[in-house]
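# Pasting the sequence and the predicted coordinates here, then a few questions.
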Amino acid sequence: MSWMLNHINTAEDDPFGIAGTISDWHYDEATGVETNKHTYSSTDAGTTVPLIVAHDAFRTGDRDLQHLVIETIEKYELMASATAVEGPIRNPDGLCWARPNSKVKYVADNSVVYRGLSCLAALERAAGRLEQARFYDRQARHTRQGMFDILWNEDFKNWSWTMGIYNLKVSYPKQAFMPDAWCQYWQVFLKVTRPSDRKSILSWQAFSEAWPRWMYNEIPKQSPHNEIAYCAVQMGEPEDAVTMIRTCRDKFGGSNNWAWPWYIGEAGHTLRTCRLLIDSGYVN
């Protein structure tokens, strides 16, 4: 968290002139020197993931983490400015381009935007900054409504994976895992929709019917995408989540020693899934 707070771009640093972004950096292990690559994969999700991290850190109850978040909340507001304020990223419909030079509104990215702005609103309330909290809540709801209005496909009963400048890119989950199937569960994962909502049920059904053996890592990707297991618990299918964890233990652990394509993101999703399984009472 401190690293991110210390590497926020000014408008002059950012390749698109947007303040609050964080670039990819190269770290030379031999010298300890960091070099700014002046690039990143996305502006929208890249500026809102840190807001989710700050919120989750605050919720741990750790006083040092809480102090860090509240004392630096204006830096988090700077990060949020890219997606909360209409401009080169945020559109009048509430949805965000991935980058100014990538005119696509991904449903997964906008789910991150919604969650990030909602998390910042919660932090603002914790800090007693109620006007700011109302603003970020309002912008988050606007993004969610944009997703419902534009990216939910009622004919297909699933989420369209993106909206380009000229047309909507509909999803065919049985034809492609990514992005067509992959994008169907992020809305539950990031609390855009509740597990009991109709859209959640239909999109999870579309994913599960397309890739019924996902829990055995039978998807055309190197990494297992353990966020699926987390969503499975949310959707009332904890037994499949446990199967996936066991599959990963057998495939990536043991003699493989958790080498690539296992990485820190997969480990994090696995730990969160285990915690959710315990909290749900499925395992102890």
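That came through fine. Numbering: from 1, shown residues only.
# Would you map the helices across the protein?
Using DSSP state H, the helices of the chain run over 2-5, 44-59, 63-71, 73-84, 107-126, 130-146, 186-189, 198-210, 227-234, 238-252, 264-279.
# Could you figure out how far the fourth one is turned away from helix 130-146?
Here helix 73-84 points in a direction 30 degrees away from that of helix 130-146 (axes from the mean of the first three to the mean of the last three C-alpha atoms, to 10 degrees).
# Run through who's touching helix 73-84.
Here helix 73-84 makes contact (C-beta atoms under 8 Å, 6 or more residues apart in numbering) with 5, 8, 18-22, 43-44, 47-48, 50-51, 54, 69, 89-90, 96, 113, 116-117, 120, 123-124, 127, 129, 132, 135-136, 139, 143. (Glycine included, C-beta is placed from N, CA and C.)
# ok, now which ones touch the closest residue in space to residue 231 that isn't next to it in sequence?
Excluding its sequence neighbours, the residue lying closest to residue 231 (C-beta to C-beta, 6 or more residues apart in numbering) is residue 185, at 4.4 Å. Neighbouring residues of residue 185 by C-beta under 8 Å, 6+ apart: 203, 204, 207, 227, 228, 231.
# measure residue 185 to residue 144 for me?
Distance of residue 185 to residue 144, computed by C-beta to C-beta, to the nearest Å: 16 Å.
# Quick check: closest non-adjacent residue to the residue most central in space within the chain.
The geometric centre of the chain, computed from its C-alpha atoms, lies nearest to residue 112 (C-alpha atoms, centre = their mean), at 4.1 Å. The spatial neighbour of residue 112 that comes closest, neighbours along the chain excluded (C-beta to C-beta, 6+ apart), is residue 45 at 4.2 Å.
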